[in-house]
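>>> Mind folding the following:
(chains A, B, C, D, E, F and G)
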Amino acid sequence: MLQPIGDRIIIKVQEPENQQVGGIVLADNAKEKPTEGEVIAVGAGKVLDDGKTVAPVVKTGDRVMFDKYAGTNVDYQGESYLVMHENDLLAILK
Amino acid sequence: MLQPIGDRIIIKVQEPENQQVGGIVLADNAKEKPTEGEVIAVGAGKVLDDGKTVAPVVKTGDRVMFDKYAGTNVDYQGESYLVMHENDLLAILK
Amino acid sequence: MLQPIGDRIIIKVQEPENQQVGGIVLADNAKEKPTEGEVIAVGAGKVLDDGKTVAPVVKTGDRVMFDKYAGTNVDYQGESYLVMHENDLLAILK
Amino acid sequence: MLQPIGDRIIIKVQEPENQQVGGIVLADNAKEKPTEGEVIAVGAGKVLDDGKTVAPVVKTGDRVMFDKYAGTNVDYQGESYLVMHENDLLAILK
Amino acid sequence: MLQPIGDRIIIKVQEPENQQVGGIVLADNAKEKPTEGEVIAVGAGKVLDDGKTVAPVVKTGDRVMFDKYAGTNVDYQGESYLVMHENDLLAILK
Amino acid sequence: MLQPIGDRIIIKVQEPENQQVGGIVLADNAKEKPTEGEVIAVGAGKVLDDGKTVAPVVKTGDRVMFDKYAGTNVDYQGESYLVMHENDLLAILK
Amino acid sequence: MLQPIGDRIIIKVQEPENQQVGGIVLADNAKEKPTEGEVIAVGAGKVLDDGKTVAPVVKTGDRVMFDKYAGTNVDYQGESYLVMHENDLLAILK
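Predicted structure coming up:
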């Protein structure tokens, strides 16, 4: 299992549908970068200047929206995930 | 529903009227970028260094003005929105 | 009415007189950028790290001087204004 | 009268003497930029993170030395002044 | 023994398996940079603004994931290690 | 007399000896920049975020070492000095 | 004696052994920059935002490892030293 550190969140990215233009499947680098996914794991939260920790507002299972350039790609047990700071999340899809 | 995280605000952008020059409708990249819109949803507010949260000053339904380069474009259920930090808002149109 | 947010100030800019050189009216981009104007509206003030708000020192009606590159141009009901942080103001003309 | 805002100081600059090389008066852009002048007006002082204000250490009439690239040039009632943050001052000439 | 200072962590890097493309072993600079390894030693932790120290969340023996550009390579007694701030760690592999 | 402001220190620079290479006296811009000198005057000290002032650790007469790119050159009553923040000093020569 | 100021540390650098490639002694700029050395002197420590000082964790005589680009080279009484902030140290060699 991946246990994120501090204020980090691990996300299983949802690939955007029908990445085609006029029926032609786009090459990887032409595809729209994903901006949605599901939260797989959350860290303990952000450590403040006084040492206290602020718990994250998102939880495992939440569907979230994030900036397409946010986070770091990681591979773990054959799956790809995005690891980002909670602050890079834009919104929760309720 | 889109629930913004932290101090973020979601805005339905109002396209500037008659984007024409001498009767010619401007191409997308020549159009003036929008700077006004309606607040669709607000986050809980900014988390301060001591962990307290400052509630946002704007609320759903407010018409606001923002810097034309502010925010991130997102699509949700077929609609386009702008997500930005409350600090990027310039004024409320009363 | 435009209600500035946070520590922002809205200014009606005063165009510098006789923008001419040897009797020739200067083109827009050659004109001296304005550095004076009248305060039209003030925000609630700057929110400090502890969440308290510091009221602005300028008030509606004050004539102020500002850095020529400060602020954002906005149009509202056919008029042009500058929106800037109070910290970008240099002095009050008493 | 010019009332500086916050921690700003207004200075009447003293032009360096005999800006000549081998008897030739230097063109403006070749002249040494001034680094001395007299304090004309002081602001209330710097607002700290907790909202308190620290009074300035210089006062009207002090002769001061500053970095030649510091401050903003402003014109007021036909005179030229420099407006800078107190922190840009190097020393008081006693 | 290497005793990391402050919030630093020392990691024995795990080289990614079968760095080959079509059976050809990749040259060093073409290889994927490692992103996993084992914690060899931890510092006392981060010193906060008030002088208190926050103990690290990882401990010796933990397997961790980190950003491929994080840390500084060091050699010690014939072995290579990575030294990085705890904040550069992404997750603990549980 | 020059009274430095805040955490600034005024130093009378000591020119490095025998700036020659193979008996040839170096041109100004080829000379090693000085890194040592004597403290001529000290300011009241650095003002902290809470408004308190931390007295400087160096005093008039101390011989100090500093980074060769630190500080601002100033001329006063025919003498050249360096004005720098105390934080740019490396060590005191005891 | 060199008394470092604030959080600085003075290090006698240990040159890496046998800087040769194929028996050829490397020119200065091709040599590996040193990353180890002995602590010669320590400052009083870092001054925090509230004015308190945090004592350094290293002491005179400690062997330390540092980033090869850290610190400033200084010469004193015919010897060369590195002066760096304690925060640039990576580890203590125990």
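
>>> going forward, measure contacts between C-alpha atoms and count neighbours the same way
Noted.

>>> Look at A:Asp50 and tell me its secondary structure.
coil (DSSP: H, G, I helix; E, B strand; the rest coil).

>>> Tell me, how many residues neighbour it?
A:Asp50 has 16 neighbours, counted by other C-alpha atoms under 10 Å in any protein chain shown.

>>> Quick check on it: phi, psi?
A:Asp50 adopts backbone torsions of phi -90, psi 10, taken as degrees, to the nearest 10.

>>> And it, what's its pLDDT?
Model confidence at A:Asp50, expressed as pLDDT, equals 87.

>>> so what's it up against?
A:Asp50 sits next to B:50, E:48-50 when contact means C-alpha atoms under 8 Å, 6 or more residues apart in numbering or on different chains.

>>> ok, now A:Asp62?
Counted by C-alpha under 8 Å, 6+ apart, A:Asp62 has contacts A:38-39, A:92-93.

>>> Also A:Met84?
By C-alpha under 8 Å, 6+ apart, A:Met84 lies in contact with A:8-10, A:70-72.

>>> repeat for A:Ile92
A:Ile92 neighbours (C-alpha under 8 Å, 6+ apart): A:58, A:62-65, B:2-5.

>>> before we move on, what about A:Pro34?
By C-alpha under 8 Å, 6+ apart, the neighbours of A:Pro34 are A:13-16, A:68.

>>> what's the spacing between the residue in chain A positioned nearest to chain D and D:Asn73?
Closest to chain D within chain A is A:Asp49: 14.4 Å, counting by C-alpha to the nearest C-alpha. Taking C-alpha to C-alpha, to the nearest Å as the measure, A:Asp49 and D:Asn73 are separated by 39 Å.

>>> now A:Lys46
44 Å.

>>> How about the contacts made by the residue nearest the centre of chain A?
A centroid search over chain A (C-alpha atoms, centre = their mean) returns A:Ile11, at 3.6 Å, as the residue closest to the centre. Listed by C-alpha under 8 Å, 6+ apart, the contact partners of A:Ile11 are A:37-41, A:81-83.

>>> Show me what it is bridged to.
A:Val39, A:Leu82 (DSSP bridges).

>>> tell me the pLDDT at it?
In this prediction, A:Ile11 carries a pLDDT score of 97.

>>> Kindly report the same for A:Lys68.
86.

>>> which residue sits closest to it in space, ignoring its chain neighbours?
Spatially, and ignoring its direct neighbours in sequence, A:Lys68 is nearest to A:Thr35 (5.1 Å; C-alpha to C-alpha, 6 or more residues apart in numbering or on different chains).

>>> burial count for that neighbour?
Neighbours around A:Thr35, by other C-alpha under 10 Å: 20.

>>> related to what we said a few turns ago, the more surrounded of A:Lys46 and D:Asn73?
A:Lys46 (20 against 14).

>>> Could you pull up the contacting residues of that one?
A:6-7, A:53-56.

>>> out of the residues you listed, who has the most neighbours?
A:Gly6 (24 neighbours).

>>> From the contacts of A:Pro34, which land in strands?
A:Val13 (DSSP state E).

>>> Quick one: buried ones out of the contacts of A:Pro34?
A:Val13 (16 or more other C-alpha atoms under 10 Å in any protein chain shown).
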